[in-house]
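Trainee: need a 3D model of the sequence below.
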Amino acid sequence: MRLRWTWTIGRIAGITVSIHPSWFIVYVLFAWSATVMVPVVAPQLSRASGVLLGCIAALALFASVVAHEFAHALVARRLGIPIAGITLFLFGGVAMIVREPDSPRDELRVALAGPALSLVLAAAFAALATMADAVHWLWIFALNFFLAAANAMLALFNLLPAFPSDGGRVLRALLWHWRRSQAEATLWASYASLAVSGALVVGGIVLFVVAREPRGTWWILIGLFLAQAAAASGRQARVDVALERMPVRECMLTRLIPVTADTPVATFLGEVAGQPKAAYPVVEDGTLVGLADVRHTAGLPLPEWEHTAVGAIMTPLTKTVGLAGAASARDALVMLRERRLGELPVYEDGELVGVVTPESIYRTLRERRVH
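Mentor: Residues are numbered from 1 along each chain as shown. As a prediction, this is how the structure comes out:
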(Lines give C-alpha, C1' and ligand atoms only; values in the text may rest on other atoms or scores of the structure.)
Protein backbone atom coordinates (compact mmCIF):
# COMPACT_ATOMS: atom_id res chain seq x y z
CA MET A 1 0.00 0.00 0.00
CA ARG A 2 1.43 3.39 -1.03
CA LEU A 3 0.17 6.69 0.36
CA ARG A 4 0.98 10.04 -1.23
CA TRP A 5 1.48 13.35 0.55
CA THR A 6 3.04 11.90 3.69
CA TRP A 7 5.26 13.76 6.15
CA THR A 8 8.29 12.03 7.62
CA ILE A 9 8.47 12.62 11.37
CA GLY A 10 11.59 10.59 12.14
CA ARG A 11 13.36 7.25 12.11
CA ILE A 12 13.27 4.62 14.84
CA ALA A 13 15.58 1.60 14.72
CA GLY A 14 16.40 2.55 11.14
CA ILE A 15 12.73 2.54 10.05
CA THR A 16 11.15 5.73 8.70
CA VAL A 17 7.89 6.82 10.35
CA SER A 18 5.54 9.06 8.35
CA ILE A 19 2.11 10.61 8.83
CA HIS A 20 -0.56 11.06 6.17
CA PRO A 21 -2.71 14.23 6.62
CA SER A 22 -5.80 12.03 7.04
CA TRP A 23 -4.41 10.79 10.36
CA PHE A 24 -5.28 14.11 12.00
CA ILE A 25 -8.95 13.22 11.52
CA VAL A 26 -8.33 10.09 13.57
CA TYR A 27 -6.51 12.12 16.23
CA VAL A 28 -9.51 14.42 16.65
CA LEU A 29 -11.90 11.45 16.81
CA PHE A 30 -9.78 9.65 19.41
CA ALA A 31 -9.41 12.81 21.48
CA TRP A 32 -13.17 13.40 21.32
CA SER A 33 -13.91 9.76 22.25
CA ALA A 34 -11.63 9.97 25.28
CA THR A 35 -13.18 13.28 26.33
CA VAL A 36 -16.70 11.84 26.08
CA MET A 37 -15.62 8.78 28.07
CA VAL A 38 -14.27 10.78 31.04
CA PRO A 39 -17.66 11.72 32.59
CA VAL A 40 -18.64 8.04 32.50
CA VAL A 41 -15.42 6.63 33.95
CA ALA A 42 -14.42 9.50 36.26
CA PRO A 43 -17.36 11.90 36.72
CA GLN A 44 -15.47 13.80 39.43
CA LEU A 45 -13.05 15.27 36.88
CA SER A 46 -13.76 18.71 35.46
CA ARG A 47 -14.55 19.34 31.80
CA ALA A 48 -11.15 21.01 31.30
CA SER A 49 -9.41 17.97 32.78
CA GLY A 50 -11.43 15.75 30.44
CA VAL A 51 -10.40 17.73 27.36
CA LEU A 52 -6.74 17.65 28.40
CA LEU A 53 -6.98 13.94 29.09
CA GLY A 54 -8.52 13.36 25.66
CA CYS A 55 -5.68 15.16 23.87
CA ILE A 56 -2.99 13.29 25.81
CA ALA A 57 -4.77 9.94 25.43
CA ALA A 58 -4.94 10.42 21.65
CA LEU A 59 -1.18 11.08 21.54
CA ALA A 60 -0.52 8.00 23.67
CA LEU A 61 -2.73 5.96 21.37
CA PHE A 62 -0.73 7.32 18.44
CA ALA A 63 2.38 5.88 20.11
CA SER A 64 0.53 2.58 20.62
CA VAL A 65 -0.34 2.37 16.91
CA VAL A 66 3.29 3.08 16.00
CA ALA A 67 4.38 0.33 18.42
CA HIS A 68 1.83 -2.04 16.82
CA GLU A 69 3.28 -1.42 13.36
CA PHE A 70 6.84 -1.62 14.64
CA ALA A 71 6.10 -5.10 15.96
CA HIS A 72 5.22 -6.12 12.40
CA ALA A 73 8.26 -4.34 10.98
CA LEU A 74 10.81 -5.73 13.43
CA VAL A 75 9.59 -9.31 13.07
CA ALA A 76 9.61 -8.94 9.28
CA ARG A 77 13.13 -7.51 9.33
CA ARG A 78 14.29 -10.35 11.58
CA LEU A 79 12.98 -12.77 8.95
CA GLY A 80 14.97 -10.98 6.25
CA ILE A 81 12.00 -9.10 4.76
CA PRO A 82 12.88 -5.46 3.90
CA ILE A 83 10.67 -2.69 5.32
CA ALA A 84 10.13 0.55 3.38
CA GLY A 85 8.71 2.39 6.40
CA ILE A 86 5.66 2.93 8.60
CA THR A 87 2.85 5.34 7.75
CA LEU A 88 -0.07 6.44 9.90
CA PHE A 89 -3.23 7.38 8.02
CA LEU A 90 -7.02 7.59 8.32
CA PHE A 91 -7.59 3.92 9.12
CA GLY A 92 -4.66 3.43 11.50
CA GLY A 93 -1.16 2.49 10.42
CA VAL A 94 0.62 0.33 7.90
CA ALA A 95 4.11 -1.19 7.86
CA MET A 96 5.15 -1.15 4.21
CA ILE A 97 6.72 -4.55 3.53
CA VAL A 98 8.84 -4.57 0.37
CA ARG A 99 8.22 -8.23 -0.51
CA GLU A 100 5.95 -11.03 0.61
CA PRO A 101 7.06 -13.54 3.29
CA ASP A 102 8.71 -16.72 2.03
CA SER A 103 6.42 -19.17 3.84
CA PRO A 104 3.04 -19.40 5.62
CA ARG A 105 4.88 -19.62 8.94
CA ASP A 106 6.71 -16.34 8.30
CA GLU A 107 3.43 -14.72 7.20
CA LEU A 108 1.78 -15.84 10.43
CA ARG A 109 4.63 -14.50 12.57
CA VAL A 110 4.57 -11.08 10.93
CA ALA A 111 0.75 -10.83 10.97
CA LEU A 112 0.34 -11.79 14.65
CA ALA A 113 3.15 -9.58 15.96
CA GLY A 114 1.08 -6.38 15.90
CA PRO A 115 -2.11 -7.64 17.59
CA ALA A 116 0.00 -9.54 20.14
CA LEU A 117 1.81 -6.34 21.14
CA SER A 118 -1.49 -4.40 21.28
CA LEU A 119 -2.91 -7.02 23.67
CA VAL A 120 0.22 -6.77 25.83
CA LEU A 121 -0.18 -2.98 25.93
CA ALA A 122 -3.87 -3.36 26.78
CA ALA A 123 -2.98 -5.61 29.70
CA ALA A 124 -0.26 -3.23 30.88
CA PHE A 125 -2.55 -0.18 30.76
CA ALA A 126 -5.30 -2.15 32.51
CA ALA A 127 -2.87 -3.01 35.31
CA LEU A 128 -1.88 0.67 35.63
CA ALA A 129 -5.55 1.66 35.70
CA THR A 130 -6.23 -0.83 38.48
CA MET A 131 -3.31 0.49 40.55
CA ALA A 132 -4.36 4.11 39.97
CA ASP A 133 -7.93 3.29 40.98
CA ALA A 134 -6.69 1.68 44.19
CA VAL A 135 -5.02 4.94 45.29
CA HIS A 136 -7.83 7.13 43.85
CA TRP A 137 -5.74 8.83 41.17
CA LEU A 138 -8.77 9.49 39.01
CA TRP A 139 -6.99 11.28 36.15
CA ILE A 140 -4.36 8.55 35.80
CA PHE A 141 -7.04 5.89 36.14
CA ALA A 142 -9.19 7.39 33.37
CA LEU A 143 -6.20 7.81 31.02
CA ASN A 144 -5.03 4.22 31.44
CA PHE A 145 -8.58 2.86 31.27
CA PHE A 146 -9.05 4.51 27.87
CA LEU A 147 -5.69 3.28 26.57
CA ALA A 148 -6.38 -0.27 27.76
CA ALA A 149 -9.75 -0.32 26.00
CA ALA A 150 -8.37 1.35 22.86
CA ASN A 151 -5.45 -1.09 22.51
CA ALA A 152 -7.75 -4.07 23.07
CA MET A 153 -10.08 -2.79 20.34
CA LEU A 154 -7.09 -2.11 18.08
CA ALA A 155 -6.00 -5.74 18.44
CA LEU A 156 -9.50 -7.15 17.89
CA PHE A 157 -10.22 -4.91 14.90
CA ASN A 158 -6.94 -5.87 13.25
CA LEU A 159 -7.77 -9.55 13.73
CA LEU A 160 -10.88 -9.29 11.54
CA PRO A 161 -10.35 -11.72 8.62
CA ALA A 162 -10.21 -8.89 6.09
CA PHE A 163 -7.13 -8.89 3.85
CA PRO A 164 -4.77 -6.99 3.93
CA SER A 165 -5.40 -6.40 7.66
CA ASP A 166 -3.58 -8.58 10.19
CA GLY A 167 -6.50 -10.99 10.51
CA GLY A 168 -6.70 -11.28 6.74
CA ARG A 169 -3.01 -12.12 6.60
CA VAL A 170 -3.49 -14.75 9.31
CA LEU A 171 -6.29 -16.24 7.21
CA ARG A 172 -4.06 -16.14 4.12
CA ALA A 173 -1.24 -17.88 6.00
CA LEU A 174 -3.58 -20.70 7.03
CA LEU A 175 -5.00 -21.03 3.49
CA TRP A 176 -1.49 -20.88 2.06
CA HIS A 177 -0.43 -23.76 4.30
CA TRP A 178 -3.54 -25.72 3.30
CA ARG A 179 -3.59 -24.96 -0.45
CA ARG A 180 0.21 -24.84 -0.90
CA SER A 181 -0.25 -21.72 -3.03
CA GLN A 182 0.16 -18.14 -1.87
CA ALA A 183 -1.71 -16.84 -4.92
CA GLU A 184 -4.77 -19.03 -4.30
CA ALA A 185 -4.64 -18.19 -0.60
CA THR A 186 -4.65 -14.47 -1.41
CA LEU A 187 -7.61 -14.91 -3.76
CA TRP A 188 -9.72 -16.75 -1.18
CA ALA A 189 -8.67 -14.31 1.55
CA SER A 190 -9.83 -11.44 -0.65
CA TYR A 191 -13.24 -13.12 -1.05
CA ALA A 192 -13.52 -13.44 2.74
CA SER A 193 -12.50 -9.78 3.06
CA LEU A 194 -15.31 -8.69 0.75
CA ALA A 195 -17.80 -10.57 2.95
CA VAL A 196 -16.43 -8.93 6.13
CA SER A 197 -16.37 -5.46 4.57
CA GLY A 198 -19.93 -5.94 3.33
CA ALA A 199 -21.02 -6.89 6.85
CA LEU A 200 -19.34 -3.76 8.24
CA VAL A 201 -21.09 -1.53 5.70
CA VAL A 202 -24.50 -3.10 6.40
CA GLY A 203 -23.90 -2.90 10.16
CA GLY A 204 -22.88 0.74 9.84
CA ILE A 205 -26.01 1.58 7.85
CA VAL A 206 -28.18 -0.12 10.48
CA LEU A 207 -26.41 1.76 13.29
CA PHE A 208 -26.68 5.12 11.55
CA VAL A 209 -30.22 4.84 10.12
CA VAL A 210 -32.01 2.66 12.66
CA ALA A 211 -30.15 3.32 15.91
CA ARG A 212 -29.30 6.94 15.04
CA GLU A 213 -25.72 6.18 16.07
CA PRO A 214 -23.15 8.50 14.36
CA ARG A 215 -20.42 5.89 14.77
CA GLY A 216 -22.18 3.91 12.07
CA THR A 217 -20.59 6.20 9.47
CA TRP A 218 -17.17 5.11 10.70
CA TRP A 219 -18.13 1.46 10.20
CA ILE A 220 -19.27 2.30 6.66
CA LEU A 221 -16.01 4.08 5.83
CA ILE A 222 -13.90 1.23 7.20
CA GLY A 223 -16.00 -1.31 5.32
CA LEU A 224 -15.64 0.58 2.05
CA PHE A 225 -11.88 0.94 2.55
CA LEU A 226 -11.48 -2.78 3.24
CA ALA A 227 -13.67 -3.62 0.24
CA GLN A 228 -11.51 -1.49 -2.05
CA ALA A 229 -8.31 -3.08 -0.70
CA ALA A 230 -9.80 -6.58 -0.98
CA ALA A 231 -10.93 -5.97 -4.56
CA ALA A 232 -7.45 -4.76 -5.54
CA SER A 233 -5.84 -7.76 -3.84
CA GLY A 234 -8.30 -10.08 -5.58
CA ARG A 235 -7.51 -8.67 -9.02
CA GLN A 236 -3.79 -9.16 -8.48
CA ALA A 237 -4.37 -12.62 -7.01
CA ARG A 238 -6.31 -13.74 -10.08
CA VAL A 239 -3.33 -12.75 -12.23
CA ASP A 240 -0.94 -14.51 -9.83
CA VAL A 241 -3.02 -17.69 -9.90
CA ALA A 242 -2.95 -17.65 -13.71
CA LEU A 243 0.82 -17.10 -13.65
CA GLU A 244 1.26 -19.90 -11.13
CA ARG A 245 -0.67 -22.32 -13.34
CA MET A 246 1.11 -21.33 -16.55
CA PRO A 247 4.41 -23.13 -17.27
CA VAL A 248 7.11 -21.06 -18.92
CA ARG A 249 7.09 -23.37 -21.96
CA GLU A 250 3.72 -21.82 -22.82
CA CYS A 251 4.91 -18.23 -22.66
CA MET A 252 8.57 -18.34 -23.67
CA LEU A 253 10.10 -17.12 -26.94
CA THR A 254 10.86 -20.21 -29.00
CA ARG A 255 12.24 -18.53 -32.11
CA LEU A 256 15.94 -18.51 -31.28
CA ILE A 257 18.32 -16.61 -33.57
CA PRO A 258 21.95 -17.23 -32.55
CA VAL A 259 24.36 -14.28 -32.59
CA THR A 260 28.12 -14.61 -32.29
CA ALA A 261 29.73 -12.72 -29.43
CA ASP A 262 31.96 -10.72 -31.79
CA THR A 263 29.08 -9.43 -33.93
CA PRO A 264 29.09 -5.59 -33.91
CA VAL A 265 26.09 -3.99 -32.22
CA ALA A 266 25.35 -2.09 -35.44
CA THR A 267 25.06 -5.37 -37.35
CA PHE A 268 22.95 -6.91 -34.60
CA LEU A 269 20.50 -4.00 -34.60
CA GLY A 270 20.43 -3.54 -38.35
CA GLU A 271 20.32 -7.11 -39.64
CA VAL A 272 19.37 -9.48 -36.82
CA ALA A 273 17.24 -7.87 -34.11
CA GLY A 274 13.63 -6.89 -34.54
CA GLN A 275 12.25 -10.28 -35.53
CA PRO A 276 8.76 -10.90 -34.08
CA LYS A 277 8.72 -13.03 -30.90
CA ALA A 278 12.41 -13.88 -31.26
CA ALA A 279 15.23 -14.26 -28.74
CA TYR A 280 18.96 -13.97 -29.40
CA PRO A 281 21.30 -16.47 -27.74
CA VAL A 282 24.94 -15.33 -27.90
CA VAL A 283 27.46 -18.02 -28.82
CA GLU A 284 31.22 -18.07 -28.78
CA ASP A 285 33.13 -20.93 -30.42
CA GLY A 286 29.84 -22.83 -30.63
CA THR A 287 29.16 -22.45 -26.88
CA LEU A 288 26.25 -20.51 -25.41
CA VAL A 289 27.69 -17.61 -23.37
CA GLY A 290 24.81 -15.19 -22.92
CA LEU A 291 21.58 -13.60 -24.13
CA ALA A 292 21.27 -10.42 -26.19
CA ASP A 293 18.38 -8.00 -26.39
CA VAL A 294 17.79 -4.70 -28.14
CA ARG A 295 17.26 -3.08 -24.74
CA HIS A 296 20.87 -3.87 -23.81
CA THR A 297 22.03 -1.22 -26.27
CA ALA A 298 20.27 1.58 -24.37
CA GLY A 299 22.78 4.23 -23.40
CA LEU A 300 25.38 3.06 -25.92
CA PRO A 301 26.30 6.09 -28.09
CA LEU A 302 25.57 5.67 -31.81
CA PRO A 303 29.23 6.18 -32.89
CA GLU A 304 30.24 3.16 -30.78
CA TRP A 305 27.79 0.74 -32.40
CA GLU A 306 30.28 -0.28 -35.10
CA HIS A 307 33.11 -0.87 -32.61
CA THR A 308 31.23 -2.58 -29.77
CA ALA A 309 30.64 -6.34 -29.86
CA VAL A 310 27.39 -7.94 -28.78
CA GLY A 311 29.40 -9.85 -26.18
CA ALA A 312 30.04 -6.54 -24.38
CA ILE A 313 26.34 -5.68 -23.95
CA MET A 314 24.83 -9.16 -23.52
CA THR A 315 23.56 -10.69 -20.27
CA PRO A 316 26.26 -13.28 -19.44
CA LEU A 317 24.93 -16.76 -18.83
CA THR A 318 26.67 -16.74 -15.44
CA LYS A 319 24.28 -14.01 -14.25
CA THR A 320 21.13 -15.85 -15.25
CA VAL A 321 19.25 -18.80 -13.78
CA GLY A 322 18.23 -21.63 -16.05
CA LEU A 323 14.57 -22.61 -15.88
CA ALA A 324 12.86 -25.87 -16.75
CA GLY A 325 9.94 -25.68 -19.12
CA ALA A 326 7.63 -26.85 -16.34
CA ALA A 327 8.57 -23.95 -14.03
CA SER A 328 5.73 -21.53 -13.36
CA ALA A 329 5.59 -18.12 -15.02
CA ARG A 330 5.16 -16.60 -11.55
CA ASP A 331 8.48 -18.08 -10.40
CA ALA A 332 10.07 -16.75 -13.57
CA LEU A 333 8.81 -13.23 -12.89
CA VAL A 334 10.09 -13.38 -9.31
CA MET A 335 13.55 -14.42 -10.53
CA LEU A 336 13.57 -11.75 -13.22
CA ARG A 337 12.64 -9.09 -10.67
CA GLU A 338 15.04 -10.23 -7.95
CA ARG A 339 18.00 -10.49 -10.34
CA ARG A 340 16.97 -7.36 -12.28
CA LEU A 341 17.17 -9.19 -15.59
CA GLY A 342 15.19 -8.86 -18.79
CA GLU A 343 15.31 -12.50 -19.84
CA LEU A 344 16.03 -16.01 -18.58
CA PRO A 345 16.99 -19.15 -20.56
CA VAL A 346 14.69 -22.19 -20.57
CA TYR A 347 16.16 -25.68 -20.90
CA GLU A 348 14.77 -29.13 -21.62
CA ASP A 349 17.11 -32.10 -21.19
CA GLY A 350 20.06 -29.73 -21.00
CA GLU A 351 19.25 -28.02 -24.31
CA LEU A 352 18.19 -24.39 -24.71
CA VAL A 353 14.62 -24.42 -26.01
CA GLY A 354 13.49 -20.87 -25.34
CA VAL A 355 13.90 -17.56 -23.53
CA VAL A 356 11.30 -16.12 -21.18
CA THR A 357 10.86 -12.38 -20.63
CA PRO A 358 8.32 -10.27 -18.71
CA GLU A 359 6.90 -9.15 -22.05
CA SER A 360 6.43 -12.71 -23.30
CA ILE A 361 4.67 -13.65 -20.06
CA TYR A 362 2.29 -10.70 -20.01
CA ARG A 363 1.60 -11.01 -23.73
CA THR A 364 0.43 -14.58 -23.15
CA LEU A 365 -1.75 -13.40 -20.25
CA ARG A 366 -3.34 -10.76 -22.48
CA GLU A 367 -3.96 -13.32 -25.18
CA ARG A 368 -5.73 -15.47 -22.60
CA ARG A 369 -7.59 -12.39 -21.36
CA VAL A 370 -6.52 -12.83 -17.76
CA HIS A 371 -7.07 -9.69 -15.68
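Trainee: for the helix or strand containing residue 27, which positions count as buried?
Mentor: Assessed by DSSP states H and E, residue 27 sits inside helix 23-41. Using 16 or more other C-beta atoms under 10 Å as the burial criterion, the residues of helix 23-41 that qualify are 23, 26-27, 30-31, 33-35, 37-38, 41. To be clear about C-beta, it is placed using only N, CA and C from the backbone, and glycine gets the same treatment.
Trainee: okay, those in TSV with distance to residue 341 and pLDDT next?
Mentor: As requested, those are arranged in TSV below (distance: C-beta to C-beta, whole Å; pLDDT from 0 to 100):
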residue	distance to residue 341	pLDDT
23	39	74
26	43	73
27	46	75
30	48	75
31	51	77
33	52	76
34	54	76
35	57	78
37	57	77
38	60	75
41	61	77
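Trainee: would JSON lines of these with distance to residue 293 be doable?
Mentor: Formatted as JSON lines, the buried residues of helix 23-41 follow (distance: C-beta to C-beta, whole Å):
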{"residue": "23", "distance to residue 293": "45"}
{"residue": "26", "distance to residue 293": "49"}
{"residue": "27", "distance to residue 293": "52"}
{"residue": "30", "distance to residue 293": "54"}
{"residue": "31", "distance to residue 293": "58"}
{"residue": "33", "distance to residue 293": "58"}
{"residue": "34", "distance to residue 293": "60"}
{"residue": "35", "distance to residue 293": "63"}
{"residue": "37", "distance to residue 293": "64"}
{"residue": "38", "distance to residue 293": "67"}
{"residue": "41", "distance to residue 293": "68"}
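Trainee: identify the farthest-apart pair in those.
Mentor: 23 and 41 (25.4 Å; C-beta to C-beta).
Trainee: which strands or helices does the strand or helix carrying residue 362 pack on?
Mentor: Using DSSP H and E, residue 362 maps to helix 358-367. Counting contacts by 3 or more C-beta pairs under 8 Å, 6 or more residues apart in numbering; DSSP states H and E, helix 358-367 packs against helix 215-245, helix 329-339.
Trainee: tell me the angle of the helix or strand in which residue 113 is found relative to helix 23-41?
Mentor: According to DSSP H and E, residue 113 maps onto helix 104-134. Using axes from the mean of the first three to the mean of the last three C-alpha atoms, to 10 degrees, the inter-axis angle of helix 104-134 relative to helix 23-41 is 40 degrees.
Trainee: if you count neighbours, what's buried in helix 104-134?
Mentor: 104, 106-119, 121-122, 125-126, 128-129, 132-133.
Trainee: tell me the helix or strand right after it.
Mentor: Using DSSP H and E, the helix or strand that follows helix 104-134 in sequence is helix 138-158.
Trainee: mean confidence for the next helix or strand along the chain from that following helix?
Mentor: Using DSSP H and E, the helix or strand that follows helix 138-158 towards the C-terminus is helix 166-179. The average pLDDT within helix 166-179 is 92.
Trainee: give me the contacts around helix 166-179.
Mentor: 72, 104-105, 107-108, 110-112, 114-115, 158-163, 182, 184-186, 188-189, 192-193, 230 (C-beta atoms under 8 Å, 6 or more residues apart in numbering).
Trainee: and residue 124, how far from residue 131?
Mentor: Distance, residue 124 to residue 131, using C-beta to C-beta, to the nearest Å: 11 Å.
Trainee: now do the residue nearest to residue 328 when sequence neighbours are not counted, the pLDDT please.
Mentor: Distance criterion C-beta to C-beta, 6 or more residues apart in numbering; nearest residue to residue 328, sequence neighbours excluded, is residue 244 at 5.1 Å. Note on residue 244: pLDDT of 89.
Trainee: now do the contacts for residue 244.
Mentor: The neighbours of residue 244, taking C-beta under 8 Å, 6+ apart as the test, are 181, 183-184, 328-330.
Trainee: mind running it again at 6 Å?
Mentor: Applying C-beta atoms under 6 Å, 6 or more residues apart in numbering to residue 244 gives the contacts 183, 328, 330.
Trainee: what would the residues you listed look like in TSV with neighbour count, distance to residue 237 and pLDDT?
Mentor: TSV is the format used below for the contacts of residue 244 (neighbours: other C-beta atoms under 10 Å; distance: C-beta to C-beta, whole Å; pLDDT from 0 to 100):
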residue	neighbour count	distance to residue 237	pLDDT
183	20	6	87
328	18	15	91
330	21	11	90
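Trainee: from those residues, which is closest to residue 208?
Mentor: Top of the list for closeness to residue 208, among the contacts of residue 244 and by C-beta to C-beta, is residue 183 at 37.3 Å.
Trainee: and the closest one, that one's in a helix?
Mentor: Yes - membership of residue 183 in a helix is supported by DSSP: H, G, I helix; E, B strand; the rest coil.
Trainee: tell me if I'm right that it and residue 242 touch.
Mentor: No - Residue 183 is beyond contact range of residue 242, at 8.5 Å (criterion: C-beta atoms under 6 Å).
Trainee: just for the chain, where's the confidence low?
Mentor: Counting by pLDDT under 70, the chain has low-confidence residues at 1-6, 90-92, 370-371.
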